[in-house]
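*Asks:* Build me a structure from this.
(one chain, ligands or ions: 2)
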Amino acid sequence: MGRSFEEDPLTLAIAPPPDETVEQRQIREAAEAEAKRISDEIDEQLRKEREAERKKKRPVKLLLLGQSESGKTATLKNFQLTYARREWSEERAAWRAVIFLNLVRNVNVILDHLNSEMSDLPYNPDDSQDDLQGPRPPRALPRLKFAEQHRLLIKKLGPLTSVQKDLEQRLGTASAEINSTTVTSAAPFDVSPTNRRALQEFSVNSSNGWKSALGKFRTMRTQRPESGPGPTRKMQEAEEDIVEIIASCRDEIKSLWDDSIVREMLNRRKVRVEDSPGFFINDAERIANRDYQPTDDDVIRARLRTIGVQEYRFIFDHEQWVRSGDFTMLVVREVAEQRGIHILTMLTQLYSSRASSTVSCLFDVHFVAPLTCRPISPFDEKLAEDRRVNRLEDTYLLWRSVCACKLLARTQIILFLNKCDLLQAKLQRGVRIRDSVPSFGDRKNDLPTATRYFQTHFKEIAKQHSTVPRPFYVHLTSVIDSQSTAVTLGAVEESILREHLRRADLM
Ligand SMILES: Nc1nc2c(ncn2[C@@H]2O[C@H](COP(=O)(O)OP(=O)(O)OP(=O)(O)O)[C@@H](O)[C@H]2O)c(=O)[nH]1
Ligand SMILES: [Mg+2]
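*Replies:* Residues are numbered from 1 along each chain as shown. Ligands and ions are numbered 1, 2, ... in the order given. Prediction:
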């Protein structure tokens, strides 16, 4: 038997005195009510603090997935430009070396073609960026009339070869994690040794990506020249030498690009330098200058290939995010999709290799919104890494595996159909979609029809292959246009915040 109510010592201790008057009882009850109110207030305060603490520890996480050259890094830069302006401004000057490298590479590509055409060397069209299905330009065409001015241009621009090497080496030594692309380090996929284009690319490899790559350049630019001798001073001097050479080539770069015979030669070889990543020749007059400073747009267009997984953390200084208060950090992981590796395997490897974040903690506790970039302009191009595979087909395959991926089953996926500007330019040049995509049929060969067609296809795949039904969010983008991308990011931001808060409430 339990003890009777009357015998319980605690109950006896707090029980009102047996001879309590009405007045005494009222005073006692008022005191008890006040004590309860204070206690509830403290409880509520503690609950709010716990909640705020919990939210603070859960940064918004995005996973940026996409093939090489789909525009992941460019999208990431737009995030930084929009949401972390301070950091962006600090880093902008450091991109100068990369932009110089891009410009010099554009010129050297043309010079290589010019040299081999003038020496009448056989041309291997594997190097061109265009589809290889077209016929080899017939040699029967009248020979191009090269003149002394072309030989002079080659001679005058010759030093740019060593400038390219120098810049690659300097970017490389700025961080051990940067490598000039080689067969073994270049790509997240197997690269055929004959794929010279991939080999020419310049890349950032590692978990720190371009941030660490540019770190040295940033330090160098923030130190004053009079800060005495030492490695920084030497780097500054070497950079001045490079800038000097580039600036002295400005007029010749322009002449090379404006030369009608050179342009005809590129046409015959189907080389479209202007569509290549990091094309800056049109801006040579502005960039090939001693006092050149990159603009925001230059930085977004600058090309530095990233390999494997890159992670960036932004502490927001954007008003809306800060106002929403609870989370101030955005973690964006850039993951180059790998051909031939199942996305699930890749993500599992990716997260289980990180000691601090296992798969379960990342996907069960944190919010991950994969933002996938799909370029839609190269519908008529082959993959750089496998010239037998059409780029669009490959995109569909990868999209299917992302949608079907069990680890991502309950995440929100936002699809960017990117490079719409290049798609439009291509259609305006008269390239017909149906020649490469027979199912496009007799539809109108214009941008609205094409984008509608591609969107429908992506939507269908998402519907068929998602294991859990989810909404289909899609944006048509040209992420090198920072103004229109800011509007897109506004829409993305809203849906990410909404989802983040929804999940926080569920937990
Ligand atoms: N015209 C145009 N160029 C774009 C667009 N998006 C990206 N680019 C350019 O395409 C090139 C490749 O873009 P990145 O952002 O480096 O591509 P990525 O997906 O990070 O590629 P990897 O680092 O190789 O995985 C860069 O030179 C960009 O400036 C776009 O919408 N339009
Ligand atoms: Mg990248």
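
*Asks:* Would you mark the buried spots in the strand or helix carrying Phe79?
*Replies:* Under the criterion of DSSP states H and E, Phe79 resides in helix 72-83. Of all the residues in helix 72-83, those buried under the rule 16 or more other CB atoms under 10 Å are Lys72, Thr73, Ala74, Thr75, Leu76, Lys77, Asn78, Phe79, Gln80, Leu81, Thr82, Tyr83. The way it works is simple: take the backbone N, C-alpha and C, and place the C-beta from them, glycine included.

*Asks:* which of these come close to ligand 1?
*Replies:* Lys72, Thr73, Ala74 (CB under 6 Å from any ligand atom).

*Asks:* Any figure for the gap between the closest residue in space to Arg250 that isn't next to it in sequence and ligand 2?
*Replies:* Of all residues not flanking Arg250 in the chain, Ala288 sits nearest, at 3.8 Å (CB to CB, 6 or more residues apart in numbering). Ala288 is 25 Å from ligand 2, where distance means CB to the ion, to the nearest Å.

*Asks:* Could you tell me the phi and psi values at Ala288?
*Replies:* Note on Ala288: backbone dihedrals following degrees, to the nearest 10 are phi -80, psi 70.

*Asks:* residue contacts, it?
*Replies:* By CB atoms under 8 Å, 6 or more residues apart in numbering, Ala288 lies in contact with Leu103, Ile246, Ala247, Cys249, Arg250, Ile253.

*Asks:* if we can go back for a sec, could you list which of the buried residues of helix 72-83 also contact ligand 2?
*Replies:* Near ligand 2, judged by CB under 5 Å from the ion, the entries from those are Lys72, Thr73.

*Asks:* wait, isn't Trp399 in contact with Ile461?
*Replies:* Yes - using CB atoms under 8 Å, Trp399 is in contact with Ile461, at 5.6 Å.

*Asks:* Which one's more surrounded, the two?
*Replies:* The neighbour count for Trp399 versus Ile461, taken as other CB atoms under 10 Å, is higher for Trp399 (21 against 18).

*Asks:* Turn the buried residues of helix 72-83 into JSON lines, including pLDDT.
*Replies:* Formatted as JSON lines, the buried residues of helix 72-83 follow (pLDDT from 0 to 100):
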{"residue": "Lys72", "pLDDT": "84"}
{"residue": "Thr73", "pLDDT": "85"}
{"residue": "Ala74", "pLDDT": "88"}
{"residue": "Thr75", "pLDDT": "87"}
{"residue": "Leu76", "pLDDT": "85"}
{"residue": "Lys77", "pLDDT": "89"}
{"residue": "Asn78", "pLDDT": "89"}
{"residue": "Phe79", "pLDDT": "83"}
{"residue": "Gln80", "pLDDT": "84"}
{"residue": "Leu81", "pLDDT": "87"}
{"residue": "Thr82", "pLDDT": "83"}
{"residue": "Tyr83", "pLDDT": "78"}
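
*Asks:* Could you find the closest non-adjacent residue to Asp297?
*Replies:* Excluding the flanking residues, the one nearest Asp297 by CB to CB, 6+ apart is Ser482, at 6.3 Å.

*Asks:* For ligand 2, what's the nearest residue on the stretch 401-507 of the chain?
*Replies:* Going by CB to the ion, ligand 2 is nearest to Val479 of the stretch 401-507 of the chain, at 11.5 Å.

*Asks:* same thing with the stretch 301-450 of the chain?
*Replies:* At 3.4 Å from ligand 2, Thr306 is the closest residue in the stretch 301-450 of the chain, using CB to the ion.

*Asks:* Can you spell out which helices and strands pack onto the helix or strand that the helix holding Phe79 is followed by?
*Replies:* As assigned by DSSP H and E, the chain's next helix or strand after helix 72-83 is helix 85-92. Packing contacts for helix 85-92, counted by 3 or more CB pairs under 8 Å, 6 or more residues apart in numbering; DSSP states H and E, involve helix 72-83, helix 209-222, helix 296-301.
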